[in-house]
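1. Need the 3D shape of this:
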Amino acid sequence: MQTANTRPLRILTWHIHGSYLYYLAQTPCTFYLPIKAGGFEGYGGRGGAFPWGNNVVEVDADEVKNIDFDCILFQSKSNYLRDQYDILTADQRQLPKIYLEHDPPREVPTDTLHVVNDPDTLLVHVTHFNRLMWNNNRTPTKVISHGVIIPDDIRYTGEKERGIVVINNIAKRGRRLGLDIFQEVSQHIPLDLVGMHATEAGGLGEIPLPQLPAFIAQYRFFFNPIRYTSLGLAVCEAMYTGMPIVGLATTEMAVAIENGVSGYIHTDVDQLIEKMKLLLHDAEHARQLSQGARAAAERQFNIQRFTADWLTTFYEVTAKKAVRPSIQLS
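-> Have a look, this model is predicted:
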């Protein structure tokens, strides 16, 4: 698709979800990240413990107007409603546009109108569940499922007879992220919790991102108590290491995990507790599920498929619409 005579597409986007942005940046495009002093949301540039490539370029927000982009990639309401008017010129706002929606609707799961209502903007969802639940208005939609990277030398070992939970700020985010479920299950099953501010919920704290895959791979299983968010990258990454997954049969988890093959899902927490006990007592069964989890991850969350989907999408969007010059009034 990209030839020796063409430059990589130039994409302006914001730093909203660091892990997702890192995986997106594996796509052979140049990604420009606006930066501002003062800790403004989305303007953190190449922040975080990620080995960013040379194709991820920081640009001062005031200089964005001087760069020739091919596409604008929004990732939040504030990007769409405010930031584009703050840092883009009128001509740049006529460029091909994609809105990447990371989450399912929060207000009303089935009837919430998406902020974008524009037939000239492509709305990309990260799961089919999310696209199903949003009211997408007149906006064309597409699903690009997650893609992740796990070092080749990191594989599930499962020698630690405990489950691991990976959630940031679970104490603050409460029932939606399954704080009460984590606490209930912890009374019956040995569980460790890691993530930002995990100590506030009795957890171990935050594990540096480069060390996280090897850290979790020693646990017998990965437990996801989340009731209602998008499919977490932590789940995808855990599957890629070969971890059996136990979680609620809600959102995209209902199709990402196959009972008895890659893990166990259910809406009855008591049944999940019984399955966790089984995995703790039967290491051989856990290893069988490990093979299924790894195979499922290779099918579903392959980084080559992910970047190919994104590159195709960028080319399709930019091919449809040329820049419309602004009309100069005499």
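
2. Okay, A214 and F222: tell me how far apart.
-> 14 Å (CB to CB, to the nearest Å). Just so you know, the C-beta spots here come from the backbone N, C-alpha and C atoms, and that holds for glycine as well.

3. Mind listing residues that contact whichever strand or helix holds Y85?
-> Secondary structure assigned from DSSP states H and E places Y85 in helix 84-87. Residues from elsewhere that reach helix 84-87 (CB atoms under 8 Å, 6 or more residues apart in numbering): P34, A61, D62, V64, K65, I72, F74, R93.

4. pLDDT score for the fifth one?
-> As summarised for this prediction, K65 has a pLDDT of 98.

5. again with the last one
-> Listed pLDDT for R93 reads 97.

6. for it, helix, strand, or coil?
-> helix (DSSP: H, G, I helix; E, B strand; the rest coil).

7. Now A201. Nearest residue, chain neighbours left out?
-> A171 (4.3 Å; CB to CB, 6 or more residues apart in numbering).

8. Validate this expectation: that neighbour resides in a strand.
-> No - A171: not assigned to a strand; according to three-state DSSP it is helix.

9. nearest spatial neighbour of Y43, skipping sequence neighbours?
-> K36 (4.0 Å).

10. What separation do you get for that neighbour and K277?
-> 50 Å.

11. Which one's more surrounded, the two?
-> Applying other CB atoms under 10 Å to K36 and K277 shows that K36 carries more neighbours, namely 16 against 12.

12. Could I get the contacting residues of that one?
-> Contact analysis of K36 by CB under 8 Å, 6+ apart lists Y43, D60, A61.

13. where does the chain dip in pLDDT?
-> 1-5, 321-330 (pLDDT under 70).

14. Domain parsing of it, as residue ranges.
-> Listed by automatic domain parsing, the domain ranges of the chain are 10-147+303-320, 160-300.

15. now the end-to-end length of the shortest one.
-> It refers to domain 160-300. 27 Å (CA to CA, to the nearest Å).

16. distance between it and the chain's centre?
-> When distances are taken as CA atoms, centre = their mean, to the nearest Å, domain 160-300 is centred 16 Å away from the chain's centroid.
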